[in-house]
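Enquirer: I would like to see how this sequence folds:
(chains A and B)
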Protein chains: 2
Amino acid sequence: MTRPDDVETLVAGARDGSARAVARLISLVEDRSALLREVSAALAPTAGRAHVVGLTGSPGVGKSTSTSALVSRLREVGRTVGVLAVDPTSPFTGGALLGDRIRMQDHATDAGVYIRSMASRGHLGGLSTSAPQALRVFDAAGCDIVLVETVGVGQSEVEIAGIADTTLVLLAPGMGDGIQAAKAGILEIGDIFCINKADRDGAESTRRELRSVLAMSAGRDGWKPPIAMTVATTGDGLDALVEQIDAHRAHLRDSGGLQRRRLSGARREIEALAVAAVQERLAHVSGHADLESLAEQVLAGTNDPFAAADALVAGLERHDTQDNEVAVTDVTRGTQ
Amino acid sequence: MTRPDDVETLVAGARDGSARAVARLISLVEDRSALLREVSAALAPTAGRAHVVGLTGSPGVGKSTSTSALVSRLREVGRTVGVLAVDPTSPFTGGALLGDRIRMQDHATDAGVYIRSMASRGHLGGLSTSAPQALRVFDAAGCDIVLVETVGVGQSEVEIAGIADTTLVLLAPGMGDGIQAAKAGILEIGDIFCINKADRDGAESTRRELRSVLAMSAGRDGWKPPIAMTVATTGDGLDALVEQIDAHRAHLRDSGGLQRRRLSGARREIEALAVAAVQERLAHVSGHADLESLAEQVLAGTNDPFAAADALVAGLERHDTQDNEVAVTDVTRGTQ
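Expert: The predicted structure follows:
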């Protein structure tokens, strides 16, 4: 399909700002193609330049609209922007994606904006292995800032916070306030809180409630999370929000927090890739028939799940001892 | 702390309906104590009796209130109920849990109800390894039905659907409707949809919208998901909801869907436990110092994450070959 030497050409193309090259490279990393390792090696030297902002929040708070408004504001001041929209793979998301595309259409012809959606499911290792690679592609393309938006509810919410330099938690008046917001479990991952639809009733009381909950928090990296008030549909408050993002970035740089966060992100990524490689081997070595009969035993109550897991791992061990060469080859192939 | 022979006594206590024994057993499986394997083996023979109902939905739809209302209704008809409230481990959830406890207090003195909350984070293998064990404890205690409620947003939403026999997706009028509901990515996991707060404006239009979206779906196991309308605070519609849960259970039994779902759940559980065991070994064998320096290389751009993951797995391989006995012992200890 693609000749091996294409990777070099594609990376050069991305550096020259070719949207087509950026899209193709992200496809290569997302599809875990045979070229994935080559792409990864080619992108490594330029990684880490862009500031990564994760946007998270319950459905209905206006994540897509806020992303689009942030892109507009950042473009006005001449910054190059990447947008990674992470959505679960689902037959039902067609409509949602279409909606996003309509909102993002203003930016579709802007050469300073790269927009890409990525499925959060169906990857071994999940988002934590595929998203960082996509971010490196945006880096190669010279993006100053990358916005990572999660579409909907799912494990991606928490994973995003592990990938982003700055996590923006969006709320809206009258929904998810007070006890419900605390329940969402996203309060402790927020570096900046943003009450969108701030022209609606209850915005001020949501801010008060949020402020009192945040007062109990120590804050991460010596940073007290500010609360922004925005109306994404009109652009109100977006200037201040961008200033807060920049202030957080400056704080992270000066405090060493950026290096700490990125180191811990890299550790997670490497571990996830290592586990994914072993996981593929588990499936390959022990075979589906084995797992099926173990599952049947657990269901029948004749075996317990820990003993069944031991049997699965023992299959891997045996294989390692008997035929170590083959096992090593399988690991190398683990990312095809 | 606990003498080994206590496990037998505790399991016998749970069978006699001792809430204390149930609580202690769930603690043992949740904390991954040294007795975990013994507990797991003791519970295996009685597993699978209770019907497991997962409740999922965005914050604000009334999950806790609905769970409490369902418990009341089920108790009225004499059924024994277990409640597993899964919440993210967070310094901020104290308030939310307190809120839940207040709502659930009506049932606290009822000997036919077992209530337990469980953290979704901080476990190797996550919810998919700890929740099934807790369900087996409820099984041993003779529960007819177990309600699994997720508190807030997170990966638990999707994992719950993998554990439950029947997944109940809660919605509320005026929030998360239409495009936003589709975004949530939870539509395809719902066996029953429930529009709570059905006395509010917009309930009927939410039902219409939902019905038209569901019309495009094939349904799982030949079942067309019905839409229930409830007001959990007053108990309105709860009878019909319980009937729909029972109808779904009967359908799953008759169609073989129950066996299929539980087999696939058992496969996932065994795989997750096997991966968790290998993961612990990765951390143990390669040591944190190695991973730290690999992460620094990736951050500096002198190494790419795939090569770093290879190095980590290679450390495991080397260890296996050189000292296979020790490695096998480590696996056995993997669940302490």
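Enquirer: secondary structure element for residue A:268?
Expert: For residue A:268, the host element (DSSP states H and E) is helix A:257-300.
Enquirer: helices or strands up against that helix?
Expert: Helix A:257-300 sits against helix A:127-140, helix A:156-163, helix A:238-255, helix A:305-322, helix A:324-332, helix B:257-300, helix B:305-322, with contacts defined as 3 or more CB pairs under 8 Å, 6 or more residues apart in numbering or on different chains; DSSP states H and E. Bear in mind the C-beta positions are built from the backbone N, C-alpha and C, glycine included.
Enquirer: how about those in TSV, adding mean pLDDT and mean neighbour count?
Expert: Below are these laid out as TSV (pLDDT from 0 to 100; neighbours: other CB atoms under 10 Å in any protein chain shown):
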stretch	mean pLDDT	mean neighbour count
helix A:127-140	84	25
helix A:156-163	72	25
helix A:238-255	97	17
helix A:305-322	72	20
helix A:324-332	35	14
helix B:257-300	81	19
helix B:305-322	73	20
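Enquirer: can I get those in TSV with distance to residue B:164?
Expert: TSV is the format used below for these (distance: least, CB to CB, whole Å):
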stretch	distance to residue B:164
helix A:127-140	23
helix A:156-163	20
helix A:238-255	39
helix A:305-322	17
helix A:324-332	34
helix B:257-300	8
helix B:305-322	33
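Enquirer: the helix holding residue A:268 versus helix B:127-140: what angle between them?
Expert: 40 degrees (axes from the mean of the first three to the mean of the last three CA atoms, to 10 degrees).
Enquirer: what is the distance between helix A:257-300 and the centre of its chain?
Expert: Here helix A:257-300 is found 19 Å from its chain centre; the criterion is CA atoms, centre = their mean, to the nearest Å.
Enquirer: before we move on, what about stretch A:225-237?
Expert: How far stretch A:225-237 lies from its chain's middle: 23 Å, per CA atoms, centre = their mean.
Enquirer: does that stretch come close to chain B?
Expert: No. Shown here: stretch A:225-237 not in contact with chain B (CB under 8 Å from any CB of the partner chain), separated by at least 12.2 Å.
Enquirer: list the buried residues for that stretch?
Expert: By neighbour count with 16 or more other CB atoms under 10 Å in any protein chain shown, stretch A:225-237 contains the buried residues A:225-232, A:237.
Enquirer: how long is that stretch from one end to the other?
Expert: 16 Å (CA to CA, to the nearest Å).
Enquirer: who's in contact with it?
Expert: Residues external to stretch A:225-237 that are found in contact with it (CB atoms under 8 Å, 6 or more residues apart in numbering or on different chains): A:62, A:65-66, A:68-69, A:72-73, A:190-199, A:203, A:207, A:210-211, A:214, A:217, A:219, A:238, A:240-241, A:244.
Enquirer: and residue A:239, what does it touch?
Expert: residue A:73.
Enquirer: state the distance from it to residue A:76.
Expert: Distance from residue A:239 to residue A:76, counting by CB to CB, to the nearest Å: 9 Å.
Enquirer: ok, residue A:188 next?
Expert: Counting by CB to CB, the gap from residue A:188 to residue A:76 is 33 Å.
Enquirer: ok, residue A:201 next?
Expert: According to CB to CB, residue A:201 and residue A:76 sit 30 Å apart.
Enquirer: over to residue A:63?
Expert: Using CB to CB, one gets 21 Å for the distance from residue A:63 to residue A:76.
Enquirer: also residue A:174?
Expert: For residue A:174, the distance to residue A:76 - CB to CB - is 30 Å.
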